[in-house]
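Asker: return a 3D structure for these sequence lines:
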Amino acid sequence: MRRAATAARIAACGGLLLALGGCSAIVASILGEEGDDDGLGAACVSGEDCGFDDPSCVISSAGFPGGYCSRACDAAVDACGAIDGVCGMTEKVWKLAGPTCVLPCETHDDCRDDNYLCKKLCDPANPDACETGTFCLPSAVGAPCKGDGDCSWEGGEGLIPLCVRQFNGVGGSPMQAKGGYCAATGCNPAVPEGACGPGARCIDFVMGGTVTCMHTCAGDNDCRVGYSCRAVGRNSDNVCLPTGLVD
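Answerer: Have a look, this model is predicted:
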């Protein structure tokens, strides 16, 4: 989203060419506002892809599509201010070793692509306990959410994003989806990856009478806090579901 907004602003500059004699200074200013491609919240495979000291790359398998340049932090020490970030309680949501720096934002356009939205960072065990402000955080299938509008991902055209608040086990009791769980209806199990986005798959795990995009996993550490990796559906696909959900 942010890159698309940047491109639009640069393109708009073209109309000023005759009046201003060129766009170089304006383009440089726009790019400067948008930040570096290796700053906090940028895509990464390892910390070496991040352009600041003491970096860490929160990788895709941890729930951050395309990786997320960050840094380990302590709320009592300002380790994030120098990289324009805030120390967030990410370890309460994702299975991380401790808090990490997160990128503040005001609108969705401040975030780098459609796999991230500008939203609150809250403790799933205490939904009223949230960091002050809003941050660019994962919004793809499997991400936390408070409403359907918190769910988005690249290539999801034709699907209906939804924030799942409760899962129903077959023959078992309903179970709360801690922190909410981004999913989507309308996918095609014949093309399981299809439009479900990064790290997700179309599963015939019935929810509301239809097949659903779910976050895939290889083990429990690929799932958020409060979720475990379980084999479900006709093809026994491994997906993240609330820990303790009864089949």
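Asker: and the residue nearest the centre of this structure?
Answerer: Among the residues of the chain, the one closest to the centroid is Pro138, at 0.9 Å (Cα atoms, centre = their mean).
Asker: next up, the contacts around that one.
Answerer: Gly63, Phe64, Pro65, Tyr68, Asn115, Tyr116, Pro144 (Cβ atoms under 8 Å, 6 or more residues apart in numbering). To be clear about C-beta, it is placed using only N, CA and C from the backbone, and glycine gets the same treatment.
Asker: pull the longest strand from the protein.
Answerer: strand 174-185 (DSSP state E).
Asker: report the buried residues of it.
Answerer: Buried positions in strand 174-185, judged by neighbour count with 16 or more other Cβ atoms under 10 Å: Met175, Ala177, Lys178, Gly179, Gly180, Tyr181, Cys182, Ala183, Ala184, Thr185.
Asker: now Cys136: which helix or strand?
Answerer: If you go by DSSP states H and E, Cys136 is part of strand 134-138.
Asker: one step back: tell me what the longest strand of the chain is packed against?
Answerer: With contacts taken as 3 or more Cβ pairs under 8 Å, 6 or more residues apart in numbering; DSSP states H and E, strand 174-185 sits against strand 160-168, strand 210-215, strand 237-242.
Asker: export those as CSV, with columns for distance to Ala231.
Answerer: Formatted as CSV, these follow (distance: least, Cβ to Cβ, whole Å):
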stretch, distance to Ala231
strand 160-168, 15
strand 210-215, 12
strand 237-242, 5
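Asker: any weak-confidence spans in the chain?
Answerer: 1-36, 169-172, 192, 205-210, 234, 246-247 (pLDDT under 70).
Asker: same thing but at 80, please
Answerer: 1-36, 155-156, 168-173, 190-194, 204-211, 233-236, 246-247 (pLDDT under 80).
Asker: between the buried residues of strand 174-185, which is nearest Gly156?
Answerer: Ala184 (6.6 Å; Cβ to Cβ).
Asker: beta partners of that closest one?
Answerer: Beta-bridge pairing for Ala184 (DSSP bridges): Pro161, Cys213.
Asker: check the gap between it and His108 for me.
Answerer: Applying Cβ to Cβ, to the nearest Å, the value for Ala184 to His108 is 18 Å.
Asker: next: Cys44.
Answerer: 21 Å.
Asker: which one's more surrounded, these two?
Answerer: Cys44 (23 against 19; other Cβ atoms under 10 Å).
Asker: which residue ranges make up each domain of this structure?
Answerer: 47-138, 148-242 (automatic domain parsing).
Asker: could you pull out the helices for this protein?
Answerer: Using DSSP state H, the helices found in the chain span residues 2-13, 17-20, 24-34.
Asker: is it true that Val211 touches Arg201?
Answerer: No: counting by Cβ atoms under 8 Å, Val211 stays clear of Arg201, with 10.3 Å between them.
Asker: start and end of stretch 128-144, how far apart?
Answerer: 14 Å (Cα to Cα, to the nearest Å).
Asker: what comes up buried for that stretch?
Answerer: Within stretch 128-144, the residues that count as buried by 16+ other Cβ under 10 Å are 130-131, 134-144.
Asker: stretch 229-247 now?
Answerer: Neighbour counts over stretch 229-247 (16+ other Cβ under 10 Å) mark Cys229, Arg230, Val232, Gly233, Asp237, Asn238, Val239, Cys240, Leu241, Pro242, Leu245 as buried.
Asker: would you list those residues in JSON lines and tack on distance to Gly155?
Answerer: Listed next are the buried residues of stretch 229-247 as JSON lines, based on distance: Cβ to Cβ, whole Å:
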{"residue": "Cys229", "distance to Gly155": "24"}
{"residue": "Arg230", "distance to Gly155": "25"}
{"residue": "Val232", "distance to Gly155": "23"}
{"residue": "Gly233", "distance to Gly155": "21"}
{"residue": "Asp237", "distance to Gly155": "19"}
{"residue": "Asn238", "distance to Gly155": "22"}
{"residue": "Val239", "distance to Gly155": "19"}
{"residue": "Cys240", "distance to Gly155": "20"}
{"residue": "Leu241", "distance to Gly155": "24"}
{"residue": "Pro242", "distance to Gly155": "26"}
{"residue": "Leu245", "distance to Gly155": "28"}
